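*Asks:* 3D, please:
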Amino acid sequence: MVLICSNPIMRVVILGAGFGGLELSSLISEQFGSDPESGVEVVLIDKAEGFVFGFSKLELMFHGARESEVLHRYAGMVKPGVEFVQTAILSIDPNTRRVVTEAGTYDADILVVALGADLVPDVTPGLVEGGNEFYSVPGAAVAGAALQAFSGGNVVVGVTSTPFKCPPAPSETALLVDEFLSDRGLREASTVTLVMPMGVPVPPSPEASQAILAAFAERGIQWYPNALVRGVDPQRNVALLSDGAELPFDLLLAVPAHRAPQVVLDSGLTEDGWIPVDPHSLQTRFPGVYAVGDVTSVGTPKAGVFAEGQATVVAARIASLVQGDEASAAYDGHGVCYMEFGRDMIAKVDVTFTSGARPVGNLEGPSVDLMRDKDQFGTSRVQKWFGRTWERGAKLG
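*Replies:* Okay, the predicted model is just below:
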């Protein structure tokens with residue numbers, strides 16, 4: 001049952017139910033949802049049927065997980081004071097804060113855009129025909145099937161453009177490919193190469209980069225920095241790199257190009273392809289319109305933990321407005337990322353991106369003990385956002 005106040009004084013419309021939208025709607029619900037007199041109404045809109053953690057795509061690829069085990073369905077999600085609408089968004093007018101969807105039109109007092117980044121593998125010539133993108137749920141499932149059928153040879157893991165979500169993920173993938181092939185007795189008959197646009201795997205954390213490069217050296221993973229996979233020749237099975245080099249492959253696992261959703265690009269919110277926001281308040285240049293997460297150019301990596309942190313700031317600022325206080329909450333650019341090293345080893349990278357300053361980060365692990373931390377990260381958010389217990393490996397309703 002959805003509890004909506006009968007005479008709202010503030011309607012908050014949240015576009016997108018990923019990390020940012022789920023966290024924001026949960027926080028507003030916790031503070032105001034149980035009180036019909038609070039005057040706060042929230043509408044959460046997303047076209048998808050459910051939410052999938054980014055790390056679950058690695059489970060689809062390497063650990064035999066099924067989509068039913070990682071998809072957290074929005075159906076049945078109950079948040080007091082929040083109405084969830086599963087529908088496609090047709091247009092956004094940031095001047096009037098009006099959103100037109102296939103289910104109807106929504107006018108907002110506060111509009112929050114949290115629509116993430118779309119994946120567009122087809123903009124990289126030859127990738128769809130000759131490679132496997134692994135950043136979408138269907139793509140990860142197909143890549144997992146390709147790994148199962150792989151009998152040895154050259155594996156290339158490559159990034160096709162910047163920016164891209166979860167910068168440690170390609171390094172994780174290379175390490176897990178190494179483990180996967182070793183477990184099947186195929187490693188000696190194979191090579192693993194990682195192509196990345198950065199000079200080191202995790203630029204904000206030299207310690208994390210050193211640990212990753214040491215693992216690469218130990219396991220014979222070839223590190224190819226400062227380059228992108230700009231195209232694929234599917235006839236010759238060759239990756240065409242931005243520096244003019246070619247890499248032959250028998251299996252290509254690619255991070256596809258990202259872009260803001262077309263409805264966002266059409267709205268007038270973007271500059272240079274993404275939504276600019278104040279780095280502290282997350283407000284756009286349009287009054288009453290905020291943006292969080294991957295759809296922004298706020299200056300942090302495109303990763304769920306940063307969208308979640310930004311959502312806490314927007315929630316606090318909305319609460320201040322409702323209560324008649326001055327909105328003072330400010331985003332600190334902090335986030336924690338868990339990274340798989342294979343062999344049941346997990347590392348935790350703690351980074352902070354402060355506007356106008358050089359980002360800083362540190363590393364904990366890798367260790368077996370941190371696997372429990374990573375599991376708790378996922379299960380705690382499922383409990384908070386969906387009100388459900390997540391038993392890892394169990395089919396989800």
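
*Asks:* CA atoms for contacts and neighbours, from now on please.
*Replies:* OK.

*Asks:* Off-centre distance for the longest helix belonging to the chain?
*Replies:* Identified as the longest helix of the chain according to DSSP state H is helix 304-323. With Cα atoms, centre = their mean, to the nearest Å as the basis, helix 304-323 stands 18 Å off its chain's centre.

*Asks:* Please enumerate the helices of this structure.
*Replies:* For the chain, applying DSSP H gives helices covering 19-28, 54-62, 67-70, 127-130, 137-149, 169-183, 206-219, 262-265, 304-323, 370-386.

*Asks:* returning to what we had before: helices or strands next to the longest helix of the chain in the packing?
*Replies:* Helix 304-323 is packed against helix 19-28, strand 334-342, with contacts defined by 3 or more Cα pairs under 8 Å, 6 or more residues apart in numbering; DSSP states H and E.

*Asks:* which stretch among those comes nearest A291?
*Replies:* helix 19-28 (9.2 Å; Cα to Cα).

*Asks:* Restrict the closest one to CA atoms and write it as CSV.
*Replies:* The C-alpha trace of helix 19-28 is given here as CSV (Å, rounded to 0.1, in the frame of the first residue of the first chain):
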residue,chain,number,x,y,z
PHE,A,19,21.7,3.5,-6.6
GLY,A,20,20.8,7.2,-6.5
GLY,A,21,17.1,7.0,-6.9
LEU,A,22,16.7,4.0,-4.5
GLU,A,23,18.7,5.7,-1.8
LEU,A,24,17.0,9.1,-2.2
SER,A,25,13.5,7.7,-2.1
SER,A,26,14.4,5.5,0.9
LEU,A,27,15.8,8.4,2.8
ILE,A,28,12.8,10.6,2.2
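
*Asks:* what is the rounded mean pLDDT of that helix?
*Replies:* Mean pLDDT, computed over helix 19-28, is 97.

*Asks:* do the same with stretch 248-264
*Replies:* Mean pLDDT, stretch 248-264: 98.

*Asks:* on that earlier part again, if you compare the helices and strands packed on helix 304-323, which one is most tucked away?
*Replies:* Highest mean neighbour count among the helices and strands packed on helix 304-323 (mean count of other Cα atoms under 10 Å): helix 19-28, with a mean of 26.

*Asks:* and for that one, what are the contacting residues?
*Replies:* 14-15, 42, 44, 79, 82, 114, 292-293, 304-305, 307-312, 314-315, 319, 384-385 (Cα atoms under 8 Å, 6 or more residues apart in numbering).

*Asks:* cool, stretch 118-127 as well?
*Replies:* Residues outside stretch 118-127 that contact it (Cα under 8 Å, 6+ apart): 128, 133, 135-136, 160, 230-234, 256-261.

*Asks:* List just the nearest of those residues to Y331.
*Replies:* Comparing these against Y331 with Cα to Cα places A260 closest, at 21.8 Å.

*Asks:* neighbours around the closest one, how many?
*Replies:* Using other Cα atoms under 10 Å, A260 has 20 other residues around it.

*Asks:* who's in contact with the nearest residue to it once chain neighbours are set aside?
*Replies:* Nearest residue to A260, sequence neighbours excluded (Cα to Cα, 6 or more residues apart in numbering): A117, at 4.8 Å. Listed by Cα under 8 Å, 6+ apart, the contact partners of A117 are H258, R259, A260, P261, D294, V295.

*Asks:* Could you check how far the last one is from A217?
*Replies:* The reference is to V295. Per Cα to Cα, to the nearest Å, V295 is found 35 Å from A217.

*Asks:* Which parts of the chain belong to which domain?
*Replies:* Split into domains by automatic domain parsing, the chain comes to 10-117+260-333, 119-258.

*Asks:* Among those, which comes closest to N362?
*Replies:* Nearest to N362, of all these, is domain 119-258, at 5.5 Å by Cα to Cα.

*Asks:* and the angle from the longest helix of the chain to strand 334-342?
*Replies:* Angle, helix 304-323 to strand 334-342, by axes from the mean of the first three to the mean of the last three Cα atoms, to 10 degrees: 160 degrees.

*Asks:* mind listing what's buried in helix 304-323?
*Replies:* 304-319, 322 (16 or more other Cα atoms under 10 Å).

*Asks:* quick one: average confidence on that helix?
*Replies:* For helix 304-323, the mean pLDDT works out to 95.

*Asks:* do the same with stretch 331-342
*Replies:* Mean pLDDT, computed over stretch 331-342, is 93.

*Asks:* What of stretch 115-128?
*Replies:* Stretch 115-128 shows a mean pLDDT of 98.

*Asks:* and if you look at stretch 73-84?
*Replies:* 91.

*Asks:* S320 and E326 touch, don't they?
*Replies:* Yes - between S320 and E326 there is a contact under Cα atoms under 8 Å: 6.0 Å.

*Asks:* May I have the predicted confidence score for R392?
*Replies:* Listed pLDDT for R392 reads 59.

*Asks:* my bad, should have said T354
*Replies:* Per-residue pLDDT puts T354 at 82.

*Asks:* Let me know whether it touches G335 as I believe.
*Replies:* No - at 11.3 Å, T354 does not count as touching G335 under the criterion of Cα under 8 Å.

*Asks:* Straight-line length of stretch 74-89, end to end?
*Replies:* Start-to-end, stretch 74-89 (Cα to Cα) is 17 Å.
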